[in-house]
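**Q** sequence unknown, structure follows:
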């Protein structure tokens, strides 16, 4: 047994005092760290300054500059994307959040899988016809998928209604005459529709755009516009049950082909903008072209677009921020929808605090991969550029291998009881569902925080 000399006892008391002092300092330091973290997290939900390049004063969120934005799904423990199961092969889905009380979480439209048949062309020669259709269904979370397993299952949305083929415009001819070598030769044997996209108008209308063979012989493909309730009875009935259709009546009951005077043979990837009762069309990113929807031309059976803004040169903010010569022509996808730069309930939307959000893609090679970025516009005509994000990646997918193409996005509040604005109008503390086509053979989705899309933007 070791005895302690009396002369050593003060030293032990001093040691205990020092240890206790260090413990208090450690607790104080941890408290300060937690306070710093809380303030940092809170600052993410307060609009501050944008990484600036010019005079724009939109207060998008700031923070550490990121070269890439990883988009994480909040519905999966590893942040991985989910799957869309329609009970039949499909890809390139477009998903909208349904209003509360409809007994469905989402509604989707998607393109059918590749299918061909051999027919004779106008010269009697055998050709492969690429059969394409657009399907629609209501969706709900699949409770049988266990995200707590090891490894966790991917989240899945499954069809709660029967998946149906939508009665959209298609050609009865095996050869589309407007698809000449100079414009759309690839589509000359594709009589059906593709690129279907859903979005909520400012009036609460679930609108559908798609492209299909032109309404005239000199047009290869055209963009068509219709209220989705007209071609999706299950969607119409679900909204009818909650009185939605009485408050938000159908205006666009026909398949309206969109057309501007002198339009070329092939048009794809137009983005619509809804402001009040008005609709606008953003057809090109660079040089930027924006149109307003005018009257219906009964003789030509077209919804005629009138010029609103056309850039005189191909150089603009968009090309200045992302100057790439190793990619094919950039194009937009989906439609532009409004986002107010404050938390829901903390401010009223105004032109000074609201932007329009959309996606732009750059393609590497054929079929190749895409670089995706969020772009924002002013919320009033002529919808000038505001900012652009770094490239986005989706957890669970590999950009160097997978072909990932964003079809649409939709904002919705975390609390359904706070849906005090038109559906699709977002705020910084909301959630966003992004629908994505993967490898041209399946549909995936990500449900994420709106804030994750708005970080590290470069201003125009």
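**A** Cool, got the structure. All values derive from a computational prediction rather than experimental measurement.
**Q** Give me the contact list for stretch 71-78.
**A** Identification of contacts with stretch 71-78 by C-beta atoms under 8 Å, 6 or more residues apart in numbering yields 79-82, 147-148, 151-152, 154-155, 392-396, 431, 434, 446-449, 452-453. C-beta here means a position set from N, CA and C on the backbone, and glycine is covered the same way.
**Q** mind redoing it with 6 Å?
**A** Around stretch 71-78, the neighbours that count as contacts under C-beta atoms under 6 Å, 6 or more residues apart in numbering are 79, 81, 147, 152, 155, 392, 394-395, 446-448, 452.
**Q** Please spell out the ChimeraX selection for the buried subset of those residues.
**A** The following ChimeraX line selects those of those that are buried, judged by 16 or more other C-beta atoms under 10 Å:
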select :79,81,147,155,392,394,446,447,448,452
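**Q** So which residue is dead centre in this structure?
**A** Residue closest to the mean C-alpha point of the chain, counted by C-alpha atoms, centre = their mean, is residue 409 at 2.6 Å.
**Q** So that residue sits against residue 431, correct?
**A** No: the pair residue 409 and residue 431 fails to qualify as a contact (C-beta atoms under 6 Å) at a distance of 10.7 Å.
**Q** returning to that earlier point: with secondary structure added, can I get the contacts of stretch 71-78 in a markdown table?
**A** Below are those laid out as a markdown table (DSSP: H, G, I helix; E, B strand; the rest coil):
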| residue | secondary structure |
| --- | --- |
| 79 | coil |
| 81 | coil |
| 147 | coil |
| 152 | coil |
| 155 | coil |
| 392 | strand |
| 394 | strand |
| 395 | coil |
| 446 | strand |
| 447 | strand |
| 448 | strand |
| 452 | helix |
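**Q** Helix, strand, or coil at the residue nearest to the centre of the chain?
**A** strand.
**Q** Going along the chain from the helix or strand of the chain with the lowest mean pLDDT, find the next helix or strand for me.
**A** Least confident helix or strand, the chain: helix 9-44 with a mean of 41, by mean pLDDT, DSSP states H and E. Per DSSP states H and E, the first helix or strand lying C-terminal to helix 9-44 is strand 69-71.
**Q** List the neighbouring strands of that next one plus their orientation.
**A** Neighbouring strands of strand 69-71 in its sheet, by DSSP bridges, are strand 392-394 (parallel).
**Q** starting at the chain centroid, how far to stretch 249-258?
**A** Distance of stretch 249-258 from its chain centroid, counting by C-alpha atoms, centre = their mean, to the nearest Å, is 23 Å.
**Q** Distance of residue 164 relative to residue 403?
**A** 27 Å (C-beta to C-beta, to the nearest Å).
**Q** for the stretch 251-400 of the chain, what spans make up the strands?
**A** Secondary structure of the stretch 251-400 of the chain by DSSP state E, counting those that start in this stretch: the strands cover 256-260, 271-275, 278-285, 288-297, 302-310, 331-340, 354-364, 369-378, 385-388, 392-394.
**Q** before we move on, back to that, beta partners for the residue nearest to the centre of the chain?
**A** residue 434.
**Q** Show the model's pLDDT score for it.
**A** Reading off the confidence values, residue 409 has pLDDT 97.
**Q** ok, now the one 5 residues further on?
**A** Taken from the predicted model, the pLDDT recorded for residue 414 is 92.
**Q** Which residue is the nearest non-sequential neighbour of it?
**A** Excluding the flanking residues, the one nearest residue 414 by C-beta to C-beta, 6 or more residues apart in numbering is residue 431, at 5.9 Å.
**Q** what does residue 416 give?
**A** Using C-beta to C-beta, 6+ apart, the closest residue to residue 416 is residue 100 (4.2 Å).
**Q** Look up how far residue 248 lies from residue 138.
**A** Distance of residue 138 to residue 248, computed by C-beta to C-beta: 18 Å.
**Q** Below-threshold pLDDT in the chain: ranges please.
**A** Residue ranges of the chain with pLDDT under 70: 1-57, 62-63, 120-123, 145-148, 150, 298-300, 323-328, 365-367.
**Q** Who's the closest spatial neighbour of residue 259, skipping the chain neighbours?
**A** residue 302 is the one closest to residue 259 (C-beta to C-beta, 6+ apart), at 3.8 Å.
**Q** Verify the stated contact: the one you found with residue 257.
**A** Yes: between residue 302 and residue 257 there is a contact under C-beta under 6 Å: 5.4 Å.
**Q** follow-up on the earlier one: next, format the contacts of stretch 71-78 as TSV and append distance to residue 369.
**A** Output for the contacts of stretch 71-78, formatted as TSV (distance: C-beta to C-beta, whole Å):
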residue	distance to residue 369
79	21
81	16
147	28
152	26
155	24
392	13
394	12
395	17
446	17
447	23
448	21
452	21
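**Q** and of the contacts of stretch 71-78, the nearest to residue 228?
**A** For those, the closest approach to residue 228 (C-beta to C-beta) belongs to residue 447, at 20.9 Å.
**Q** Report the beta-bridge partner residues of that closest one.
**A** Beta-bridge pairing of residue 447 under DSSP bridges involves residue 433.
**Q** got a list of what it touches?
**A** Counting by C-beta under 6 Å, 6+ apart, residue 447 has contacts 73-75, 433.
**Q** Wait, a strand at residue 234?
**A** No: read with three-state DSSP, residue 234 is helix and lies in no strand.
**Q** How much space separates the nearest residue to it once chain neighbours are set aside from residue 136?
**A** The spatial neighbour of residue 234 that comes closest, neighbours along the chain excluded (C-beta to C-beta, 6+ apart), is residue 161 at 4.2 Å. Going from residue 161 to residue 136 by C-beta to C-beta gives 9 Å.
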